[in-house]
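Undergrad: From the sequence below, what's the structure:
(2 chains)
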Amino acid sequence: MTPRRISEAELHALVDGELAPEERAELETLLQGSPAELALARDLADLNEALRARYSEEIDARLPEAAQRLLAQVPQRPSMRTVRYQAFAAAALIIALAAGTAGYIAGDMMGDHGRAPAFVANAIGAHRVYVPEVRHAVEVKAAEDHLVRWLTRRVGAPFVAPSLVDHGWKLMGGRLVPDGGRPAAQFMYEDASGRRLTLYIRKEMGLSNTAFRFAEREGFDAFYWIDHPLAYALAGRLKREELMALANLVYAQLEAVAPSRSQSSPPPAPPVPSKPGR
Amino acid sequence: MGSRRDAVAAEIPRLRRYARALSGDNGEADDLIQDTLERALARLHQWRDGENPRKWLFSILHNLYVDSLRRKSRRPPHVGLESLGIEQSAPAADGASGRDLDRALQLLSSEQREVVLLVGLEGLSYAETAGVLDIPVGTVMSRLARGRDRLRTLMDYGGGNRNGRAPLRRVK
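TA: Numbering: from 1, shown residues only, chains lettered A, B, ... in the order given. Down below sits the predicted model:
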């Protein structure tokens, strides 16, 4: 007897698990007598298998707790500000994911490996140099109201000295730091236990913004990001999650005043999922 | 909202896997994931109760991907890490055939690639895929067939270990 013809669509449906059990059984029986179709079905199944084998290495990546917490901080009601804040949270989440899994992210997201931009090394260097100072940790104290005015004028773009006092970090003051012959600003913070944190800001001449990234150098950690026209690095010797949470707060305050924001904020997007007109 | 955020977080590895296969560039994929998360987090309230988070998130990713292709077509090519001599992460299994698969996928139309990956890699049903891409199920099936035909040709399936080079069979 001549078995009925098997359509190619049926073979796809078979390997994709789209058939009801009885259809599947019927088709499998038919395939016994149809070597060409059987070979095609195997090819299709192999193809699915090859895709999974090629791209599945990271499917087991578990979300680290730090990322979960971060996600939990995302404000409920998005405003223009929180949209940026969420961009930050999303970026930090990706970094946390990368840090929590076995290093499949290329480039400097896993740590700088010597590839972080030069300003990050400079920021960490400045941190190392000035943090141990007892009497001359800062050049201009926070109490002097020209601190920010002076630094923004020298660096050449507006920014604020973020306030972390609600989180236990007092702004001590700031200083001007040379960065490849150009002026950069350093703000220093201290907590009740005497730990110190520095925020480094300089004008960024390059064109591209970067996502939030993590770098490590000689035991000092920094989170850095470039948001044209400024580059920022928050350095300290803290637990990474703690530093990340602080960077989160710093970012949120800086983004409120940064000059590029009004142009770079994404336009309101259509509802999701959007339905294209038919 | 907390459980919704957890649900979103739980999908990240899958979204990332899909984005990497789809874009063929890890940096681009991470940008895509970041944008997807950003949009998803901003719109948790739009996620209807009972709606499958995977489908919702893949829809967001799809829309952003289409937008990015549109933008790319208007812009000069971007300089990827590879062209700067920076190694991308190592391929999963064997390097050669893995890269072949990367390349072959990029030679499909983006529409075929999406369907081939959503069904073959992500294991979405045809109906779910149709929902994510907002196209009829019949279109999913025809794109799938054409995309897989093309992939088999590019990957030289049916050649080598089987009897000669199998031309694409259209069994009616």
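Undergrad: going forward, measure contacts and count neighbours with C-alpha atoms only.
TA: OK.
Undergrad: got the domain boundaries for the chain?
TA: Using chain A. A:8-58, A:65-263 (automatic domain parsing).
Undergrad: wait, chain B
TA: Chain B breaks down by automatic domain parsing into domains covering B:1-89, B:94-162.
Undergrad: weakest of the ones you listed in terms of mean pLDDT?
TA: Mean pLDDT values for the domains of chain B show the minimum at domain B:1-89, a mean of 76.
Undergrad: Can I get the domains of chain B in CSV including distance to chain A?
TA: Below are the domains of chain B laid out as CSV (distance: least, Cα to the nearest Cα, whole Å):
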stretch, distance to chain A
domain B:1-89, 5
domain B:94-162, 5
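Undergrad: Could you look over those domains and pick the most buried one?
TA: Of all the domains of chain B, domain B:94-162 has the most neighbours on average by mean count of other Cα atoms under 10 Å in any protein chain shown, namely a mean of 18.
Undergrad: Deepest in the core, which of the domains of chain A is it.
TA: Ranked by mean neighbour count under mean count of other Cα under 10 Å, the domains of chain A are led by domain A:65-263, which reaches a mean of 18.
Undergrad: packing partners for the stretch of helix or strand residue B:140 belongs to?
TA: Using DSSP states H and E, residue B:140 falls within helix B:137-155. Identification of packing neighbours for helix B:137-155 by 3 or more Cα pairs under 8 Å, 6 or more residues apart in numbering or on different chains; DSSP states H and E yields helix A:8-15, helix A:35-55, helix B:95-107, helix B:110-120, helix B:126-133.
Undergrad: got the ones you listed as CSV, with distance to residue A:228 columns?
TA: CSV is the format used below for the helices and strands packed on helix B:137-155 (distance: least, Cα to Cα, whole Å):
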stretch, distance to residue A:228
helix A:8-15, 49
helix A:35-55, 34
helix B:95-107, 32
helix B:110-120, 32
helix B:126-133, 35
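Undergrad: Those helices: which one's closest to residue B:72?
TA: For residue B:72, the closest of the helices and strands packed on helix B:137-155 is helix B:110-120, at 12.9 Å, according to Cα to Cα.
Undergrad: Quick check: which helices or strands does the closest one pack against?
TA: Looks like helix B:110-120 contacts helix A:35-55, helix B:2-23, helix B:126-133, helix B:137-155 (3+ Cα pairs under 8 Å, 6+ apart).
Undergrad: can you list those helices in CSV and add distance to residue A:167?
TA: Compiled in CSV, the helices and strands packed on helix B:110-120 are given as follows (distance: least, Cα to Cα, whole Å):
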stretch, distance to residue A:167
helix A:35-55, 41
helix B:2-23, 23
helix B:126-133, 42
helix B:137-155, 52
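Undergrad: Report the residue spans of the stretch 51-200 of chain A with pLDDT below the cut-off.
TA: A:57-115 (pLDDT under 70).
Undergrad: can you give me the strands for it?
TA: A:140-141, A:169-179, A:182-191, A:196-203 (DSSP state E, counting those that start in this stretch).
Undergrad: Adding distance to residue A:51, write the domains of chain B out as CSV.
TA: Compiled in CSV, the domains of chain B are given as follows (distance: least, Cα to Cα, whole Å):
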stretch, distance to residue A:51
domain B:1-89, 8
domain B:94-162, 6
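Undergrad: For residue A:138, find the nearest of these.
TA: Smallest distance to residue A:138 across the domains of chain B (Cα to Cα): 36.9 Å, for domain B:1-89.
Undergrad: List the contacts of residue A:47.
TA: The contact partners of residue A:47, by Cα atoms under 8 Å, 6 or more residues apart in numbering or on different chains, come to B:120, B:152.
Undergrad: Just give me how far the helix holding residue B:140 sits from the chain centre.
TA: Relative to its chain's centre, helix B:137-155 lies at 14 Å (Cα atoms, centre = their mean, to the nearest Å).
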